[in-house]
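> A predicted structure for the sequence below; I have some questions about it.
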Amino acid sequence: MKNSHYKQFLLLNLATLFISTSGALGKFIEMPTPVIIWWRSSLALLCLFAFCKFKNISLKINSRKDLWAFILSALFMGGHWITYFYSLKFSNVAIGMLSLYTFPVMTALLEPFFIKIKLDPIHIFLGFLVLIGIYILAPEFNLESSHVQGILLGLLSALCYALRILILKRHVANYNGTMLMMYQLLILTIVLAPFLYFMDTSGIKTQFPYVIILALITTAIGHSMFVHSLKYFTSSTASIMTSALPVYGIIIAFFFLGEIPSSNVFIGGLLIISTVLIEGIRSRKKA
């Protein structure tokens, strides 16, 4: 049991590393955000569909109720991606990612409303740590500040992501994780298609290599692995354990974009990231 826990813990952290590339890529790719997300979704969809066919993974949806859950979770995922990328554009990779990765605590606090579990008091403590961290990121609340706008969009993105995870958690036991991700991408590809008609899409000619990385490494592989991890961890534990993601993202942004976080970002980020250490230790003892 212990070995299995460590294996799944390592796979979850590998998924986290892959997903962390989204920060630098979202900041770097020069196209309208809905267009980026459409290309991201459509290319990853093709990859996952081919994988499902190769592995003979069933694509059957068991009930109409499940279909509506897939649609709702896909819409929340789309909202999460779009607000997150706008957050990156308004601020920087460090602030955008740290604001987004308040979602683990949001997930932990919302989880009792979705499944029959009691609210763990430690998650309230983690919530206070995150709130203090966010305050340090933006001590002066001014809506005209692009950094504050980036933080607020990051928090909205976090809420969308938390709701998406909690909706999916109910279905991971009955469906393959890759299949779940494939259907979400299919729905997003359809929903976002109209944006291609009134937004500039010409940037794909020069940005295609980076969009491919975003679609395959970040989305098809990273997010599918994360959805798969929900079979082995609670929603709150899996989410909190991926709070190491901003660390990876900030390091990547430093080397590829030359972004150097300020001291308050380091301090606020340290408080937010400390949640992963606390929950990681707690989940290991429970395994």
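Sure, I can see it. Residues are numbered from 1 along each chain as shown.
> So Tyr248 is in contact with Ala15, correct?
No - using CB atoms under 8 Å, Tyr248 makes no contact with Ala15, being 11.1 Å away. For glycine as for every other residue, the C-beta is placed from the backbone atoms N, C-alpha and C.
> Relative to Gly258, how far out is Asn264?
19 Å (CB to CB, to the nearest Å).
> Looking at the two, which one has more neighbours?
Asn264 (15 against 7; other CB atoms under 10 Å).
> Could you check which helix or strand contains the closest residue to that one other than its chain neighbours?
Of all residues not flanking Asn264 in the chain, Ile136 sits nearest, at 5.3 Å (CB to CB, 6 or more residues apart in numbering). Assigned by DSSP states H and E, Ile136 belongs to helix 121-137.
> Give the buried residues for that helix.
123, 126-127, 129-130, 133-134, 136-137 (16 or more other CB atoms under 10 Å).
> one step back: have a look at Tyr248 and Ala15 and say which one is more surrounded.
Taking other CB under 10 Å, Tyr248 and Ala15 do not tie; Ala15 has more neighbours (22 against 19).
> Tell me if I'm right that the more buried one and Ser229 touch.
Yes - here Ala15 reaches Ser229: they are 6.5 Å apart, a contact under CB under 8 Å.
> Give the residue spans of the stretch 101-250 of the chain that score low on pLDDT.
Scanning the stretch 101-250 of the chain for pLDDT under 70 picks out the ranges 138-143, 235-241, 243-244.
> Would you state the helices of it in chain order?
Applying DSSP state H, counting those that start in this stretch to the stretch 101-250 of the chain gives helices spanning 103-110, 121-137, 146-169, 177-192, 195-198, 204-213, 224-229, 235-241, 245-257.
> in which helix or strand would I find the residue nearest to Asn92 when sequence neighbours are not counted?
The shortest distance from Asn92 to any non-neighbouring residue, by CB to CB, 6+ apart, is to Glu259 (5.4 Å). Counting by DSSP H and E, there is no helix or strand that carries Glu259.
> Glu259: neighbour count?
Glu259 has 18 nearby residues by other CB under 10 Å.
> ok, now Phe54?
With other CB under 10 Å as criterion, Phe54 counts 8.
> how close does Gly177 get to Ala253?
From Gly177 to Ala253 the distance is 28 Å (CB to CB).
> So for the two, which sits in the more crowded spot?
Ala253 (27 against 20).
> Can you name the next helix or strand after the strand or helix carrying Lys27?
In this assignment (DSSP H and E), Lys27 forms part of helix 21-28. Next along the chain after helix 21-28, taking DSSP H and E as the criterion, comes helix 33-54.
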